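A.B. asks: fold the following for me, if possible:
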Amino acid sequence: MAYIYPAPGVANVQVTLSLTVIGDTGPLALPALQDITVNNANDVFTWTQLDSGSKLQVATTATNSLSMNLVLDQDTFFGTGVGANVAIASGVFGLSKDKQQVNFSLYMGDESDGSTGKTLSGAGYVTGLAPTVSADAPVWVSPVTISITGDFSVA
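C.D. replies: The predicted structure is shown next:
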């Protein structure tokens, strides 16, 4: 078996997520991910017929998204405010606020040495920001969702 194990802190094996706006020169890498969930939920059309005692169903289009929790870094979340690179200048908050479509690339981790891991990519919108802080968790943490338009690509 070839289990995928994204060993935290191990170079070339850990999970990485980057965002790019079309025309940007480089990606905005999202550091400090606490967790990430890949959602691929097919919708189902359900109907009943008078000649059947059970409902019938057919799979239809999928709703795709990435959801995660991110420990906030000031430059990553609010952007640097400078430069031609929209993703880096705007940060996660600016990309969401300005409704910028982003291309994402999620390296899921690897089996052992960084040479055989899979990458999910696609396009979508940053949503679902809700930063929180408390006495018990004294760093800002925010959920982040990338609502995907279209399909995932796997490489």
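
A.B. asks: in the chain, which residue is closest to the centre?
C.D. replies: For the chain, the residue nearest the mean C-alpha position is residue 66 (3.6 Å; Cα atoms, centre = their mean).

A.B. asks: my read: that one touches residue 128, true?
C.D. replies: No. If you go by Cβ atoms under 8 Å, residue 66 and residue 128 don't touch, sitting 10.3 Å apart. Heads up, the C-betas are built off the backbone N, CA and C, glycines and all.

A.B. asks: which residues are in contact with both of these two?
C.D. replies: residue 145 (Cβ atoms under 8 Å, 6 or more residues apart in numbering).

A.B. asks: re the thing from before, okay, the residue nearest to the centre of the chain: pLDDT?
C.D. replies: On pLDDT, residue 66 comes in at 96.

A.B. asks: tell me which element it falls in.
C.D. replies: Assigning secondary structure by DSSP states H and E places residue 66 in strand 56-71.

A.B. asks: tell me which residues of that strand come out buried.
C.D. replies: 64, 65, 66, 67, 68, 70 (16 or more other Cβ atoms under 10 Å).

A.B. asks: for the chain, which spans come out with low pLDDT?
C.D. replies: Scanning the chain with the threshold set as pLDDT under 70 gives 1-2, 12, 112-115.

A.B. asks: how about the residue of the chain most remote from its centre, secondary structure?
C.D. replies: Distance from the centre of the chain peaks at residue 51, with 44.3 Å (Cα atoms, centre = their mean). Classification of residue 51 using DSSP: H, G, I helix; E, B strand; the rest coil returns coil.

A.B. asks: that one and residue 44, how far apart?
C.D. replies: Distance of residue 51 to residue 44, computed by Cβ to Cβ, to the nearest Å: 21 Å.

A.B. asks: this completes my enquiry, with thanks.
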